[in-house]
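Asks: sharing a model prediction with you, sequence too.
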Amino acid sequence: MVHIRVDGTAYEVREGLTLLQALDDLGVLMKGVDIPHYCWHPKLSIDGSCRMCQVEVEGMPKLQIACGTPVRDGMIIHTRSERALAAREGVMELLLVNHPLDCPICDQAGECKLQDYAFEYGQAHSRTREPRRALKKRVELGSTIILDQERCILCRRCVRFCREVSATNELAVTQRGDRSTIETFPGKPLENDYSMNVADLCPVGALTTRDFRFKTRVWSLEEVPGICTGCSRGCNVHVGVVDHEVRRYTPRRNDEVNGTWLCDQGRMTYREIGAPDRITEPAVRGNSGQLVGATLDRAIGRAVELIREAVQKEGPGVVAALASAHATNEDLAALRGLLRALGSETHAAPVLTGSSDALLVRPEKAANAEGARVAGFGEPGLLFDKIRGGGVRVLIVLGHDVIHEQFLGTPEPLAALDGVILLDTHRSRLEQVADVVIPGRHLAEKGGSVTNHAGLVQAVPAALEPTFEAIAEAQVLARFADALDVSLTDEPERKREVD
Amino acid sequence: MVSPAVRAAIDEEIAKMPEKRGALLAALRLVQEERGHLCAETIQEVAEIFELHPAEVMEVVRFYNHFHERPQGRHQVNVCTSLSCALRGGRGLLRQIQAHLGIRAGQTTEDGRISLGHEECLGACGNAPMLRIDDAYHLDLDWLRTQQLLDGLE
Amino acid sequence: MGHRVPRVTQYLTEHFADEGFATLSGYRARGGYETARRVLRDQSPGDVIRMLKKAGLQGRGGAGFDAGTKWSFMPEPHHGPNYLVCNADESEPGSFKDRLLMTRGPHQLLEGILIPAFATGAAMTFLYVRGEYAEPARILRRAIDEATAEGMLGSNVLGTGFAHQVVLVRGAGAYICGEETGLLESLEGKKGQPRRKPPYPAECGAFGRPTTVNNVETFCHVPHIFERGVDWFRSMGTDQSPGTTLFGVSGHVERPGVYELPLGTRLDEIIFEHAGGVPGGRKLKAAIPGGVSMPLLPAGHLDVPMAGEFLRERGSSLGTGGVIVMDETTCMVRVGCVISEFFRDESCGQCTQCREGTGFVHKLFLRIERGAGTAADIDVLEDVAGKMEGATICAFADAAAWPVQGLLRHFRSEFIEHVHTGKCPLPDGFEL
């Protein structure tokens, strides 16, 4: 460890880091120690070209870039000295020489570092009367990202990302000097599983996602911490909400889980929240054999009836549950608690699997696959055998992964049961065999905890209320317990350290 | 496809360097000498030889003045316009050449004979004004001599 | 003046009139390679570095860093080779000495490479020749082949057991590749964008290995120092800047060309005595002492010895020793236009101040020259040049800023005249 002083405050920092790295490591960068920067990013190689992070280091005649200056014991740093501020003002003026200053129509307005720092360090008006550099305003780099070359400040974060993180190399800076532009090679667009991260990385409005572009002014967005539900990595996200609608996921930094990244597929799972195929009202299978809309009370009543009848007729062993690996730990605990209270231990969780990569994407395609396993919801094979053998009469199902081709493939095998009680967020063919359908809430709507593949339990608050009436699955299950006059003794999984 | 002869020459350049990529500029020069310019397909071929993404090769091609992505004339005429030459009429010479050929610097004559350019200091300041035709320097020029040189190009 | 009056000796260019000097046999007939043979056979790398430090040879590529000190930064080779790089990317406008050294004395350069190669434990020298220098490259390639065939290069250099190879690499047209780390990037097949330092090349240079980069002329002095000794070398030039150097004189002079003269020779002597003064009876207006990156000096300031320590007192620097002379017809705003155009075109585009500043400065010069400028534009010009200086990865932005500062320091009135009259007061000057 070495000791440094920054603007009069002493810090003990790890040796071998540069000043910005050390401050980031301490968690004080831009949270107490404000050293503005464009090209530096904690998860990318040091570039050192934007020159915005210049600071004064005692004993060094020239200003130093904080991103590239190794900390040394006894170093005394001034981030707001007259010289440092003047240098930043100089960088700002020159950055704005060719910038289009089109903030009113720029998507980045409100979260633009150029805009932010211009307020702090910029001059009131530009001194150049010459025409600004005319470049391409709308370059489709690939299917997900649009580039505005005029707004680009050439920090090269996106280029470094494609070389160092996605390792796909699609982006390049071509030409020299003030003619430099970000380009792709003809016929080789920016197409990789992480492409949209470049829009998050872009400190200005040069790179925008086709998905979010022009949809929302950033200042009307409420950003709530969330967890991506695309796989068992449990990537931390900001859930961007406007008027009960999620408009985007952006990565929320968590060095233990996802660093500062998010895969494109996971990012786009936000669309599931406002999808048109959400189950929006409870339903009960009527005498005609059709599902008929019902009140929640009625649906719960019917579900309880089915459970009670089965238990009375054939004992508690014939009630079983198939949990979803998307369910929160709270949902799973309630489900296990209900079964246990009834006297059944027949439960499982089908976890869909798919492709994975070395960076973030996990093969288990549900946020809480590990939570389900830890809660005792094992693989569903034995349960399926029991269903086929007639040993199950009533099945409580959370989610519809079970009819995916990796499992039953079809709802058919469940048709013979006396009762199928479905708690789900999205419509599926499972409704064909369901006797009771109760709408569920997405993680972003109910909050709760999920356990990622490494055993890390992560809790998030609800980010928004659904536009229809629905209560969390755990609460539905608690109402079942009440009506059945049993108590849910099971405690939810406690927060556990990563193995 | 890169011809076997050029491919062999590229391999020879690669063998000289501690790392393969060190021969990239030499390879681009060799390929351009054979093809006249470096079109997208050619860049992609070179990228394959060097196991690079073509965007990385494109970036190199566009950084250096001597690589051309578009077809060039049979001769490259480059006039030095840096200060030492400018003081002795280098820029006037370029203007006269432009008028004579009917093209601007950066363009190629319609007959494909000459691509005209202006270049930064060519290291012949003691013989200003001067120009470069392909690889050869022509020094201490006046308009008469320049005209003879241009008109003598096939 | 604190410098000695030198006896004129032209050791670098002594045999350049002799065409045979460029061949191996001609070079050997003049005793060539014997100094290297003796040094490699009889001296240790440590001895060599100590002797060169004593000689005080300053790098001749523009920065003037002490060559022996630079060599001493090199670690002993371990876990892989050390490299040497010869910077033959001469592209500073106004500089044309290295082209002469390469075409007329290629073996002098190769012998000059062998001694520091031995001293720094380098396995290989990359001789990086700018792309435009086709003829020097051809001559050097032939010299390398000859020297390799005759055992001056290769696995047993001059029978001493030292192994060394020289690989010629050609640039492709980019001024910034003359900056030593830009050169290293280019050598590795990348864009020639200078690297952040630290790490310095002696720690992590070409292909990640310890590397020393020296200019062509710097190498060429080395065999002479080891042949005739430190005292001989220090008998020329000034205390701080010993030896001769090649001054390239261009622009408005009677006899432009390369002149080998002791460091410390007065600038007015170079211009008037050696280069024959300004032609046509016109008066001298200003001169740039060392390539366009260096601030110019007005006519009254030319009585300065051409050595770093004296030029610094005048607010300029020796640079590459490329002297550019301007007569009284020269419009200084136009000079600014030409110089700033060069820096705009050649900025690699990494650092903000340089990328944006070079273009901004060029626009301002053009605006003032066209007569469309205001007094405020002159202040902005000065201010932007100040913001570009000393704040970037490499010295290119400084090099772009210094000439602006020099022009404004000495010829501000001419700029003011442009903005007041709304036109150029020297319409008959050189064409823009």
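Replies: Yes, it's here.

Asks: give me phi/psi at the residue of the stretch 1-150 of chain A found nearest chain C?
Replies: Nearest to chain C, among the residues of the stretch 1-150 of chain A, is residue A:90, at 3.3 Å (Cβ to the nearest Cβ). Backbone N, C-alpha and C define where each C-beta goes, glycine included. Residue A:90 adopts backbone torsions of phi -60, psi -40, taken as degrees, to the nearest 10.

Asks: what sits against the nearest residue to it once chain neighbours are set aside?
Replies: In space, residue A:90 comes closest to residue C:387 once its chain neighbours are excluded; the distance is 3.3 Å by Cβ to Cβ, 6 or more residues apart in numbering or on different chains. Going by Cβ atoms under 8 Å, 6 or more residues apart in numbering or on different chains, residue C:387 touches A:87, A:90, A:91, A:93, A:94, C:353, C:357.

Asks: ramachandran angles for the fourth one?
Replies: The one in question is residue A:93. On the backbone of residue A:93 - angles per degrees, to the nearest 10 - the values are phi -60, psi -40.

Asks: on the pLDDT front, check it for me.
Replies: As summarised for this prediction, residue A:93 has a pLDDT of 90.

Asks: just checking, the residue nearest to residue A:90 is part of a strand?
Replies: No: counting by DSSP: H, G, I helix; E, B strand; the rest coil, residue C:387 falls outside a strand, being helix.

Asks: that one and residue C:353: what is the separation?
Replies: Distance, residue C:387 to residue C:353, by Cβ to Cβ, to the nearest Å: 6 Å.

Asks: please apply the same query to residue A:216.
Replies: Residue A:216 is 35 Å from residue C:353, by Cβ to Cβ.

Asks: now do the shared contacts for residue C:387 and residue C:353.
Replies: A:90, A:91, A:94.

Asks: what is the neighbour count of the first one?
Replies: Residue A:90: 24 surrounding residues under other Cβ atoms under 10 Å in any protein chain shown.

Asks: so what's it up against?
Replies: Taking Cβ under 8 Å, 6+ apart, one finds C:353, C:386, C:387, C:391 in contact with residue A:90.

Asks: list only buried entries from the residues you listed.
Replies: C:353, C:387, C:391 (16 or more other Cβ atoms under 10 Å in any protein chain shown).

Asks: would the longest helix belonging to chain C count as contacting chain B?
Replies: Looking across chain C with DSSP state H, the single longest helix is helix C:396-421. No: figure legend: helix C:396-421 not in contact with chain B (Cβ under 8 Å from any Cβ of the partner chain); closest approach 9.4 Å.

Asks: show me what that helix is packed up against.
Replies: Helices and strands touching helix C:396-421, by 3 or more Cβ pairs under 8 Å, 6 or more residues apart in numbering or on different chains; DSSP states H and E, are strand C:284-288, strand C:297-298, helix C:332-346, helix C:352-369, helix C:375-388.

Asks: how far out from the middle of the chain is the first one?
Replies: It refers to strand C:284-288. Centroid separation between strand C:284-288 and its chain, computed with Cα atoms, centre = their mean, to the nearest Å, is 20 Å.

Asks: other residues contacting stretch A:475-483?
Replies: A:296, A:300-301, A:303-304, A:307, A:331, A:334-335, A:337-338, A:341, A:423, A:438, A:440, A:487-488.

Asks: please flag which of those residues sit within helices.
Replies: A:296, A:300, A:301, A:303, A:304, A:307, A:331, A:334, A:335, A:337, A:338, A:341.

Asks: of those residues, closest to chain B?
Replies: With Cβ to the nearest Cβ as the yardstick, the closest approach to chain B among these comes from residue A:331, at 45.2 Å.

Asks: residues touching the closest one, list them.
Replies: Residue A:331 touches A:323, A:324, A:398, A:448, A:472, A:473, A:474, A:477, counting by Cβ under 8 Å, 6+ apart.

Asks: in contact with the closest residue to residue A:443 other than its chain neighbours, which residues?
Replies: The shortest distance from residue A:443 to any non-neighbouring residue, by Cβ to Cβ, 6+ apart, is to residue A:229 (5.6 Å). Going by Cβ under 8 Å, 6+ apart, residue A:229 touches A:266, A:269, A:272, A:326, A:366, A:367, A:442, A:443, A:450.

Asks: then residue A:452?
Replies: A:232, A:233, A:234, A:257, A:367, A:370, A:458.
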